[in-house]
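In: here is my input, please return the structure:
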Amino acid sequence: MKRLIFLFAVFALIIGSETKAQTIEAGGYFGYMLSGPVRYIVGDALIMDNPAYGGFVHTRVARNVKFEMMYLRSDSRVRYSSLASGTDIYDMSTEYYHVGGMNLFGDHDRIKPFSSFSLGATRFHIKENLGYFDVWKFSIAPSVGVKIYLTERIGIQGQARLLMPLTFDGLGFWWSTSGGPQAAVSMTVPVWQGDFSGGVFIRL
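Out: Model prediction:
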């Protein structure tokens with residue numbers, strides 16, 4: 001956690017040193033992460049719902065447009081069931097490391113609804129020393145929410161976010177007489193997760 005806070009602070013200082021015209025907001029939030037089942041050939045895993053927490057840095061890049069750097073973590077448990085070994089429950093953590101963009105709506109100075117889209121990496125970590133390696137996935141996360149500015153420097157933010165780790169299935173290339181060279185990438189979502197959270201931020 002201390003390393004995360006340090007990285008956010010360094011990021012904010014770097015951006016702030018580049019231009020004074022930019023507005024930087026940094027904050028943290030707490031909420032709840034909803035998860036679901038993961039299907040395997042030899043068994044099924046169920047990631048249990050659990051509280052989540054994280055932090056963010058927002059930098060204004062245009063009027064009503066912000067760049068976002070986000071971290072989100074949930075310490076949960078996973079129940080794995082298979083015909084060979086039965087059912088076991090393990091402690092695990094899920095972490096999202098994302099960057100993206102946020103679009104604010106409306107002309108009201110204090111209340112700003114927003115939509116955002118971010119992408120990055122997701123880490124699934126089994127805490128017991130069972131010989132399992134961490135699983136890393138590319139992931140995307142659309143969200144909607146609202147920022148409420150209580151003062152010029154302090155505000156609160158709430159959001160609902162759809163978290164989608166992605167698994168690469170295949171890549172295809174072909175040539176058509178009408179459209180020329182074309183390509184397609186196939187990806188699936190192994191587990192759907194949702195985040196409902198709120199928190200406080202300050203303008204630096």
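In: how about the secondary structure of Arg60?
Out: strand (DSSP: H, G, I helix; E, B strand; the rest coil).
In: give the bridge partners for it, please.
Out: Beta-bridge partners for Arg60, by DSSP bridges, are Lys66.
In: now do it against Phe67, distance only.
Out: Distance, Arg60 to Phe67, using CB to CB, to the nearest Å: 8 Å. Bear in mind the C-beta positions are built from the backbone N, C-alpha and C, glycine included.
In: Pro37 now?
Out: On the measure of CB to CB, Pro37 and Phe67 end up 34 Å apart.
In: so which of the two has more stuff around it?
Out: Phe67 (17 against 14; other CB atoms under 10 Å).
In: any idea how far the more buried one lies from Phe56?
Out: Counting by CB to CB, the gap from Phe67 to Phe56 is 11 Å.
In: how about Leu163?
Out: 15 Å.
In: between the two, tell me which one has more neighbours.
Out: Neighbour count, other CB under 10 Å: between Leu163 and Phe56, Leu163 has more, with 26 against 23.
In: confidence score at that one?
Out: As predicted, Leu163 sits at a pLDDT of 96.
In: what pairs with the residue nearest to Ile154 when sequence neighbours are not counted across the strands?
Out: Spatially, and ignoring its direct neighbours in sequence, Ile154 is nearest to Ile202 (5.7 Å; CB to CB, 6 or more residues apart in numbering). Under the criterion DSSP bridges, Ile202 forms beta bridges with Ala26, Ile154.
In: secondary structure element for the residue most central in space within the chain, which one?
Out: With distances taken as CA atoms, centre = their mean, Tyr96 lies nearest the centre of the chain, 4.6 Å away. Secondary structure from DSSP states H and E places Tyr96 in strand 86-104.
In: buried set for that strand?
Out: Within strand 86-104, the residues scored as buried using 16 or more other CB atoms under 10 Å are Met92, Thr94, Glu95, Tyr96, Tyr97, His98, Gly100, Met102, Leu104.
In: near the residue nearest to Ile154, how many residues? Count them for me, please.
Out: Residues near Ile202, counting by other CB under 10 Å: 12.
In: can you give me the helices in this structure?
Out: Assignment of helices within the chain using DSSP state H yields the ranges 2-18.
In: hmm, which helix or strand of it has the shakiest average pLDDT?
Out: helix 2-18 (a mean of 51; mean pLDDT, DSSP states H and E).
In: just to revisit the earlier point, the residue nearest to Ile154 against Thr23, yeah?
Out: No - Ile202 is beyond contact range of Thr23, at 11.3 Å (criterion: CB atoms under 8 Å).
In: now Glu152: phi and psi?
Out: Main-chain torsions, Glu152, degrees, to the nearest 10: phi -70, psi -20.
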